[in-house]
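**Student:** What follows is a protein structure lacking sequence information:
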């Protein structure tokens, strides 16, 4: 492929790497798609790229316009950086519970950031509804675009057009399972639709944290959740526009006490400095591998870097308060 000429061209074509610890535990070959190597540092760069390019193509916004989005952080970072490259202004709305690292990054990139108390989606004061109302209240001669990563299917289309074909090619067309967590549903839905068209026997599964309803929805047909998780940007309790129609075969509930030891191994034994959502994805891949049995080939998503969560992930007081295991190197 030609050398990328700007931020958007550099999104995608990330490496697929073999995960030694997870593979040895299961007798399967488990691989991680290195989405943390996108130029904005996360898998959400893909959603940002296609949301903006499709909006520009449709005439919804042009250079000088305003992009508005409600986000846990990573999509906001992707939209801000891609928007900068396209001459767009960005207004980001996020829950105040998200990490200080992501808030600081957004402000440093030039986004206007507004935070609101974290409340459920059904509450009209939820940050997603706040973002939509803000977008409706703004005017610009160059357009105001409410990105709406949740229900705008350009999100999952981006994964149909890029992520899934990349995985297929990198795996040489030999893949038995794909699993990842659900935030907007774009990654899981897009990859599921493309892979199932290529090979209906590929098993597609969701890895779901405590506090989210996708596990119960896949297994029992209704949204139901309990507990909570320290993960950010994943965990859904409604069928978003992107998730609607996804071809999901199975789901696994992964508590924080299960994902964190796996995350510590990824960092301490494989040199992969990843955030908690990657831990839940690899934990889910291990569960799926055990379900399928030895000899299968499974892919998951390595979403972003631990650097966006250091104030939580490597804070012994925070982890002890929640009864969670510390990284072994912080015990020494």
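**Tutor:** Ah, there it is. What you are looking at is a predicted structure, and each value in this text was computed from that prediction instead of being measured.
**Student:** Contacts only, for the residue nearest to residue 194 when sequence neighbours are not counted.
**Tutor:** In space, residue 194 comes closest to residue 164 once its chain neighbours are excluded; the distance is 3.4 Å by Cβ to Cβ, 6 or more residues apart in numbering. Any C-beta I mention is one placed from the backbone N, CA and C, and that applies to glycine too. For residue 164, the contact set (Cβ atoms under 8 Å, 6 or more residues apart in numbering) comprises 190, 191, 193, 194, 195.
**Student:** Most neighbours out of the residues you listed, which is it?
**Tutor:** Sorting the contacts of residue 164 by how many neighbours each has (other Cβ atoms under 10 Å) puts residue 191 first, at 29 neighbours.
**Student:** Now do the contacts for that residue.
**Tutor:** So residue 191 contacts 159, 160, 163, 164, 167, 178, 180, 204 (Cβ under 8 Å, 6+ apart).
**Student:** thought the last one was touching residue 197?
**Tutor:** No. Here residue 204 does not reach residue 197: they are 11.8 Å apart, not a contact under Cβ atoms under 8 Å.
**Student:** Where does pLDDT dip in the stretch 151-300 of the chain?
**Tutor:** Across the stretch 151-300 of the chain, not a single residue meets the criterion (pLDDT under 70).
**Student:** what about the helices in it?
**Tutor:** Ranges of helices in the stretch 151-300 of the chain, per DSSP state H, counting those that start in this stretch, are 154-158, 164-170, 186-198, 214-220, 256-270, 276-292.
**Student:** Run the chain-centre distance for the second one.
**Tutor:** Averaging C-alpha positions (Cα atoms, centre = their mean, to the nearest Å) puts helix 164-170 18 Å from its chain's average.
**Student:** out of residue 204 and residue 197, which sits in the more crowded spot?
**Tutor:** Neighbour count, other Cβ under 10 Å: between residue 204 and residue 197, residue 204 has more, with 23 against 12.
**Student:** ok, so what distance separates that one from residue 322?
**Tutor:** According to Cβ to Cβ, to the nearest Å, residue 204 stands 31 Å off from residue 322.
**Student:** Check residue 199 too.
**Tutor:** Applying Cβ to Cβ to residue 199 and residue 322 gives a distance of 40 Å.
**Student:** Was I right to think residue 236 contacts residue 185?
**Tutor:** Yes. Using Cβ under 8 Å, residue 236 makes contact with residue 185 at a distance of 6.6 Å.
**Student:** quick one: common contacting residues for the two?
**Tutor:** Joint contacts of residue 236 and residue 185 (Cβ under 8 Å, 6+ apart) are residue 243.
**Student:** If you count surrounding residues, which of those two has more?
**Tutor:** residue 185 (29 against 24).
**Student:** The nearest residue to that one once chain neighbours are set aside: how many residues sit nearby?
**Tutor:** Sequence neighbours aside, residue 243 is the residue nearest to residue 185 in space, at 3.0 Å (criterion: Cβ to Cβ, 6+ apart). Residues lying near residue 243 (other Cβ under 10 Å) number 24.
**Student:** need the contact list for residue 243.
**Tutor:** Contacts of residue 243 (Cβ under 8 Å, 6+ apart): 182, 184, 185, 188, 189, 236.
**Student:** Look up how far residue 192 lies from the third one.
**Tutor:** When Cβ to Cβ is the yardstick, residue 185 and residue 192 sit 10 Å from each other.
**Student:** what is in contact with the two at once?
**Tutor:** With Cβ under 8 Å, 6+ apart as the test, residue 185 and residue 192 both reach residue 246.
**Student:** From residue 46, how far out is the residue nearest to residue 194?
**Tutor:** Residue 164 is 11 Å from residue 46, by Cβ to Cβ.
**Student:** Next, residue 124: secondary structure please.
**Tutor:** coil (DSSP: H, G, I helix; E, B strand; the rest coil).
**Student:** Can you give me the pLDDT of it?
**Tutor:** pLDDT, residue 124: 95.
**Student:** ok, how many other residues are close to it?
**Tutor:** 9.
**Student:** now swap in residue 98 and tell me
**Tutor:** Neighbours around residue 98, by other Cβ under 10 Å: 22.
**Student:** Name the SS class of it, please.
**Tutor:** Quick answer, by three-state DSSP: residue 98 is coil.
**Student:** which ones are touching it?
**Tutor:** Residue 98 touches 72, 73, 115, 232, counting by Cβ under 8 Å, 6+ apart.
**Student:** Let me know the closest of these to residue 136.
**Tutor:** Nearest to residue 136 among those, counting by Cβ to Cβ, is residue 115 at 19.5 Å.
**Student:** check contacts around the closest residue to that closest one other than its chain neighbours.
**Tutor:** Residue nearest to residue 115 in three dimensions, not counting chain neighbours: residue 96, with 4.1 Å by Cβ to Cβ, 6+ apart. Residues near residue 96 by Cβ under 8 Å, 6+ apart: 115, 116, 117, 118.
**Student:** Distance of residue 96 relative to residue 103?
**Tutor:** Relative to residue 103, and taking Cβ to Cβ, residue 96 is found at 8 Å.
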